[in-house]
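J.: sequence-free structure coming up:
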């Protein structure tokens, strides 16, 4: 049913999709049903209910609005061997009001699904793709579906991403910030860059493991923005070319052993040292240390001469 269809057609369309899915599921098929979107379905049901004279509740929705979608989505199943091992997976989509998840949503999908992916138009307009809000997205399957190496490296990312956004909003109006705050903002920029994927080019698991390891150990914090992007684009190719056994070890063991961690740190550190901004940073750092040492020696010399004169 299109958006221009009448309420009766909009109301019955999801159930027709489930009925078709049931047919294939019970014939040993594997079905994916995408409901786009159930907010419009709730609107259609509200119109029908009001026309039928049912008592309206909050937002003029009928009282059984929350049972409407539970009966629908709970038809998703995985059949046992006797029934043919068919499956039907549901991917329901709902629309929030002004990206506000705390606003009234005429469905109980959040409580009855295996998780939620919160897609934000604000993030999309900022160039963050896929535009998934990490702070509001939840997976009740959790890290059980991840490789152990990704589970270990990605553990604190969600909290750090939320903290970065809060810090970014606070420092937007400040003229100057301390070196520590600048470093935290730089780490946040690196994190956003590493979890942003290119169009039609999703990151592989090994590639993601390398990027998360580099982020966790602050290997790229001294690089420029351009070099960070180049690091992200070419890190997997560099490791495959210079240490193919590391890639093979990650793919086979799928966990962060001491040997893999040691090898990753050496290989990625060597790769970072090839970038011009890293070399320039080290030169500037050495120059600053030399000037500080000279100033210290000069101050000591002047103090000794003053003491001798006294």
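T.: Right, received. Where do you want to start? Owing to the predicted nature of the structure, the values given are computational and were not obtained by experimental measurement.

J.: what ranges of the stretch 101-250 of the chain fall below the confidence cut-off?
T.: Counting by pLDDT under 70, the stretch 101-250 of the chain shows low-confidence ranges at 142.

J.: all strands for it, in order.
T.: Counting by DSSP state E, counting those that start in this stretch, the stretch 101-250 of the chain has strands at residues 115-116, 138-139.

J.: Would you convert those into TSV that also reports distance to residue 161 and mean neighbour count?
T.: C-beta: built from backbone N, CA, C; applies to glycine. Output for the strands of the stretch 101-250 of the chain, formatted as TSV (distance: least, CB to CB, whole Å; neighbours: other CB atoms under 10 Å):
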stretch	distance to residue 161	mean neighbour count
strand 115-116	17	14
strand 138-139	14	14
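
J.: To residue 268, which of the ones you listed lies closest?
T.: For the strands of the stretch 101-250 of the chain, distance to residue 268 was read as CB to CB. The smallest value, 27.8 Å, belongs to strand 138-139.

J.: in its sheet, what does that closest one sit against?
T.: With DSSP bridges as the test, strand 138-139 is paired with strand 115-116 (antiparallel).

J.: Not counting sequence-adjacent ones, nearest residue to the most centrally placed residue in the chain?
T.: What sits nearest the mean C-alpha location of the chain, by CA atoms, centre = their mean, is residue 134, with 4.7 Å. What sits nearest to residue 134 in space, not counting adjacent residues and going by CB to CB, 6 or more residues apart in numbering, is residue 161, at 4.9 Å.

J.: one step back: tabulate the strands of the stretch 101-250 of the chain (JSON lines), appending distance to residue 148.
T.: Shown next, in JSON lines, are these (distance: least, CB to CB, whole Å):
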{"stretch": "strand 115-116", "distance to residue 148": "20"}
{"stretch": "strand 138-139", "distance to residue 148": "16"}
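
J.: about what we covered before: list the contacts of the residue nearest to the centre of the chain.
T.: Residues near residue 134 by CB atoms under 8 Å, 6 or more residues apart in numbering: 157, 158, 161, 162, 195.

J.: Is it correct that the fourth one is in contact with residue 135?
T.: Going back to what we said before, that points to residue 162. Yes - Residue 162 is within contact range of residue 135, at 4.6 Å (criterion: CB atoms under 8 Å).

J.: Pull up the overlap in contacts between the two.
T.: Contacts common to residue 162 and residue 135, judged by CB under 8 Å, 6+ apart, are absent.

J.: of the contacts of residue 134, closest to residue 113?
T.: When these are compared for distance to residue 113 (CB to CB), residue 158 wins out at 18.8 Å.

J.: can you pull the buried residues of stretch 91-105?
T.: Of the residues in stretch 91-105, those with enough neighbours to count as buried (16 or more other CB atoms under 10 Å) are 92, 94, 96, 105.

J.: from what I can see the residue nearest to residue 134 touches residue 187, true?
T.: No - using CB under 8 Å as the test, residue 161 is too far from residue 187 to be in contact (10.5 Å).

J.: unless I'm mixing things up, residue 271 is touching residue 238, no?
T.: Yes - between residue 271 and residue 238 there is a contact under CB under 8 Å: 5.1 Å.

J.: what about the helices in the chain?
T.: Here the chain has its helices, by DSSP state H, at 7-25, 38-51, 65-73, 109-112, 121-125, 148-154, 157-171, 179-195, 205-216, 225-242, 244-253, 258-272, 276-309.

J.: Please convert these to JSON lines, extending it with distance to residue 81 and mean neighbour count.
T.: Shown next, in JSON lines, are the helices of the chain (distance: least, CB to CB, whole Å; neighbours: other CB under 10 Å):
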{"stretch": "helix 7-25", "distance to residue 81": "14", "mean neighbour count": "16"}
{"stretch": "helix 38-51", "distance to residue 81": "32", "mean neighbour count": "19"}
{"stretch": "helix 65-73", "distance to residue 81": "24", "mean neighbour count": "17"}
{"stretch": "helix 109-112", "distance to residue 81": "27", "mean neighbour count": "14"}
{"stretch": "helix 121-125", "distance to residue 81": "43", "mean neighbour count": "12"}
{"stretch": "helix 148-154", "distance to residue 81": "30", "mean neighbour count": "18"}
{"stretch": "helix 157-171", "distance to residue 81": "38", "mean neighbour count": "14"}
{"stretch": "helix 179-195", "distance to residue 81": "40", "mean neighbour count": "16"}
{"stretch": "helix 205-216", "distance to residue 81": "31", "mean neighbour count": "21"}
{"stretch": "helix 225-242", "distance to residue 81": "40", "mean neighbour count": "16"}
{"stretch": "helix 244-253", "distance to residue 81": "31", "mean neighbour count": "14"}
{"stretch": "helix 258-272", "distance to residue 81": "39", "mean neighbour count": "15"}
{"stretch": "helix 276-309", "distance to residue 81": "57", "mean neighbour count": "11"}
